[in-house]
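Q: What follows is a protein structure lacking sequence information:
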Ligand code: HEM
């Protein structure tokens with residue numbers, strides 16, 4: 001006999017013994033065993049997976065309750081601690097803390113490189129470009145001055161957005177603002193990144209297949225995040241096989257590959273016709289990344305690295321801005337007095353809609369106190385509860401006054417800062433006024449506005465985001481008299497899928513032309 005009964009028995013029982021052995025270690029011997037938390041969470045990572053994948057709960061939101069029960073530090077996985085006190089946010093994401101990103105969250109299979117997924121700061125010799133250098137090379141493209149140069153591009157897309165909405169309104173349709181804003185931000189980030197976009201704003205009812213495809217992939221992300229073996233499987237096999245392996249694969253897999261294909265084609269087009277770089281209206285990431293002088297090593301990234309970076313920037317830079325606009329509009333549309341005040345303020349710099357040359361510049365918009373305050377409050381409401389985990393370095397660390405051992409994954413969701421009652425009075429009220437200067441206002445509120453995170457791995461799309469937010473808000477408020485079309489609190493319940501997902505009916509609004 002090729003295999004003895006004993007051998008088969010050992011093969012079958014070994015994984016089970018390992019599993020239970022691991023649980024015993026996690027409970028009795030793990031360096032984090034003394035930290036409080038749900039007992040099952042400390043025993044196995046399956047607790048988190050069960051919450052996020054099976055129950056489809058927003059762990060970030062549930063943690064608000066868990067912190068009340070267990071205190072400022074909660075063990076939410078055998079090797080992961082979540083912090084609830086806002087001061088810990090500034091300790092973890094401090095500019096001096098060059099801690100690695102955690103594999104569990106950032107090891108996105110299919111991305112070997114890319115600004116978002118680089119885990120380490122130290123320049124690995126094997127790679128032409130480490131995360132540190134990549135940031136240095138790309139960041140000038142995202143500076144305030146560079147973004148001022150592409151203001152025209154953002155206005156152009158905002159005008160397309162307004163025109164598409166006007167047409168839909170003329171045919172008696174209310175607007176799916178989630179897809180409308182995602183189309184606006186997707187076209188904008190693609191033009192910015194590649195000097196070309198897919199024309200999402202031209203799609204009927206803002207339902208471009210790429211917008212639908214990106215949305216359809218979101219519910220798969222908690223699965224990929226919690227089960228690394230599913231991640232490996234997704235990319236290790238050909239698409240046809242993956243389709244047979246994944247639950248609901250018929251719907252999800254083709255769209256995942258569709259997104260990859262579109263970006264790949266864009267990149268190929270630029271690489272095949274370098275003269276396109278000269279034609280582009282502004283410097284694209286490929287101008288920058290293909291310029292050997294920009295790199296310390298004088299070696300430009302290879303095709304895969306360029307592809308990964310393009311993909312990263314498109315994903316990082318589209319839904320995030322759109323989701324901020326959605327949350328802001330949902331709150332604004334329920335506050336008619338605020339809407340009126342904003343429109344009046346806007347008219348001071350944009351008195352008439354008549355033709356080119358009448359619209360304000362970005363700098364004019366930035367000078368409007370109420371609009372600025374509304375954007376800040378929208379950013380405070382950004383639906384983001386995912387814990388941005390970092391790995392505590394070899395010497396250990398002190399966070400929230402407690403010693404945290406080396407190797408622990410530590411993190412915090414942004415909503416734990418933004419919903420803190422200690423910092424923001426009536427934190428769950430959308431109240432832009434809190435950002436206006438006034439006698440009794442709390443000092444230094446800005447310190448606690450952290451939608452883009454902080455520290456050495458903070459978002460470098462801040463200036464681009466702010467430019468898009470100012471111009472999109474101004475366009476919507478100046479062009480339209482908006483009113484909700486039946487959207488309910490229930491509809492607006494979002495699901496944390498690393499990015500945010502709205503499983504129910506999206507935010508819909510009637511957008512009737514405003515007085516010119
Ligand atoms: C309102 C809009 C946005 C929000 C709220 C936002 C938020 C964030 C946050 C919280 C992080 C840190 C994530 C982490 O630690 O894992 C981040 C990183 C990043 N964001 Fe944004 N983002 C926005 C827009 C953009 C835009 C427009 C871009 C442009 C392409 C962008 C590109 C990136 C990149 C490349 C990173 C990774 C940086 C690194 O790790 O070195 N983001 N963003």
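A: Here it is on my side, so go on. Because the structure is a prediction, the values reported are computed rather than measured.
Q: What sits closest to the residue in the stretch 351-500 of the chain positioned nearest to the ligand if chain neighbours are left out?
A: Relative to the ligand, the nearest point of the stretch 351-500 of the chain is residue 461 (2.2 Å; Cβ to the nearest ligand atom). Every C-beta, even on glycine, is put in place using the N, C-alpha and C of the backbone. Nearest non-adjacent residue to residue 461, counting by Cβ to Cβ, 6 or more residues apart in numbering: residue 317, 5.2 Å away.
Q: could you point out which element follows whichever strand or helix holds residue 343?
A: According to DSSP states H and E, residue 343 maps onto helix 336-347. Counting by DSSP H and E, the next helix or strand C-terminal to helix 336-347 is helix 362-366.
Q: Against which helices or strands is that following helix packed?
A: Using 3 or more Cβ pairs under 8 Å, 6 or more residues apart in numbering; DSSP states H and E as the contact test, the elements touching helix 362-366 are helix 462-479.
Q: chain center to the helix it packs on, what's the gap?
A: On the basis of Cα atoms, centre = their mean, to the nearest Å, helix 462-479 sits 18 Å off its chain's mean C-alpha point.
Q: Tell me the helix or strand right after it.
A: With elements assigned by DSSP H and E, the helix or strand that comes after helix 462-479 is strand 480-484.
Q: Can you give the contact residues for that following strand?
A: Strand 480-484 has contacts (Cβ atoms under 8 Å, 6 or more residues apart in numbering) with 162, 165, 169, 329, 332-334, 339, 476, 507-514.
Q: mind running it again at 10 Å?
A: 162, 165-166, 169, 174-175, 177, 329-330, 332-334, 336, 339, 343, 476, 491, 507-515 (Cβ atoms under 10 Å, 6 or more residues apart in numbering).
Q: Just the buried ones among the residues you listed, please.
A: In these, burial by neighbour count holds for 162, 165, 169, 174-175, 177, 329-330, 332-333, 339, 343, 476, 491, 507-511, counting by 16 or more other Cβ atoms under 10 Å.
Q: Restricted to strands, list those.
A: 175, 508, 509, 510, 511 (DSSP state E).
Q: excluding its backbone neighbours, what's nearest the last one?
A: To tie it back to what came earlier, the one meant is residue 511. residue 480 (4.0 Å).
Q: how far away is the one you found from residue 27?
A: Separation of residue 480 from residue 27 (Cβ to Cβ, to the nearest Å): 57 Å.
Q: quick one: which of the two has more around it?
A: Comparing residue 480 with residue 27 by neighbour count (other Cβ atoms under 10 Å), the higher total belongs to residue 480, at 20 against 15.
Q: Wait, a helix at residue 82?
A: No. Residue 82: not assigned to a helix; according to DSSP: H, G, I helix; E, B strand; the rest coil it is strand.
Q: so the residue nearest to residue 461 makes contact with residue 189?
A: Yes. At 3.9 Å, residue 317 and residue 189 qualify as touching, with contact defined as Cβ atoms under 10 Å.
Q: Pull up the overlap in contacts between the two.
A: 461, 464, 465, 468.
Q: Next, the residue lying closest to the third one once chain neighbours are set aside: secondary structure please.
A: In other words, residue 465. Excluding its sequence neighbours, the residue lying closest to residue 465 (Cβ to Cβ, 6+ apart) is residue 321, at 5.1 Å. Per three-state DSSP, the local secondary structure of residue 321 is helix.
Q: Now do the end-to-end distance for stretch 405-423.
A: Using Cα to Cα, to the nearest Å, the end-to-end distance of stretch 405-423 comes to 29 Å.
Q: what's the answer for stretch 78-95, then?
A: One end of stretch 78-95 sits 27 Å from the other (Cα to Cα).
Q: How about it and the ligand, any contact?
A: No. If you take Cβ under 6 Å from any ligand atom as the test, stretch 78-95 misses the ligand, and the best it gets is 7.3 Å.
Q: Counting neighbours, what do you get for residue 199?
A: Close neighbours of residue 199, defined as other Cβ under 10 Å, add up to 14.
Q: Ignoring the adjacent residues along the chain, who's closest to it?
A: Spatial nearest neighbour of residue 199, chain neighbours left out: residue 187 (6.9 Å); criterion: Cβ to Cβ, 6+ apart.
Q: Residue numbers of the chain in contact with the ligand?
A: The chain comes close to the ligand at residues 115-116, 135, 189, 312-313, 316-317, 320-321, 324, 382, 388, 451-453, 457, 459-461, 464-465, as judged by Cβ under 6 Å from any ligand atom.
Q: Distance from stretch 410-420 to the middle of the chain?
A: 15 Å.
Q: Can you give me the buried ones in it?
A: In stretch 410-420, counting by 16+ other Cβ under 10 Å, buried: 410, 411, 412, 413, 414, 415, 416, 417, 418, 419, 420.
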